[in-house]
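Got a sequence here, can you build the structure:
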Amino acid sequence: MKKIILVVASLIALVGVTSAEAGGHRGGYHSSSHVNGYYRSNGSYVAPHYRSGRDGYHNNNWSVQGNVNPYTGKPGTKGRW
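Take a look at the predicted model:
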């Protein structure tokens, strides 16, 4: 019985941590938004994509070194500062 309670409590804790990381809090993935495709003024086409949510922290952007875009798996290439 103690093992079952321990397993259930562990699963609840794991789900809580995963939800907090996905919910847009610092330290986990923050909110994102979908950008529809569009044409620039010079005629070039920008394909539809997702961008990281605005939170005022440069280092949270997926394009910054040390971060990975969760949709493409590509690592960031821009400098941290």
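
Please make it C-alpha for all contacts and neighbour counts, starting now.
Noted.

For the spatially closest residue to residue 38 that is not a sequence neighbour, the count of nearby residues, please.
Closest residue to residue 38 apart from its sequence neighbours, by Cα to Cα, 6 or more residues apart in numbering: residue 46 at 5.4 Å. By other Cα atoms under 10 Å, 12 other residues sit near residue 46.

Next: residue 62.
23.

Let me see the backbone angles for it.
Taking degrees, to the nearest 10, you get phi -60, psi -20 for the backbone angles of residue 62.

How about the contacts made by it?
The contact partners of residue 62, taken as Cα atoms under 8 Å, 6 or more residues apart in numbering, are 51-52, 68-69, 75-76.

Out of these, which end up buried?
51-52, 68-69, 76 (16 or more other Cα atoms under 10 Å).

In those residues, which has the lowest confidence score?
Least confident entry in the buried ones among the contacts of residue 62, by pLDDT: residue 52, with 80.

tell me which residues form a beta bridge with that residue?
Judged by DSSP bridges, the bridge partners of residue 52 are residue 32.

That one contacts residue 35, doesn't it?
No - Residue 52 lies out of contact with residue 35 (Cα atoms under 8 Å); the separation is 10.5 Å.
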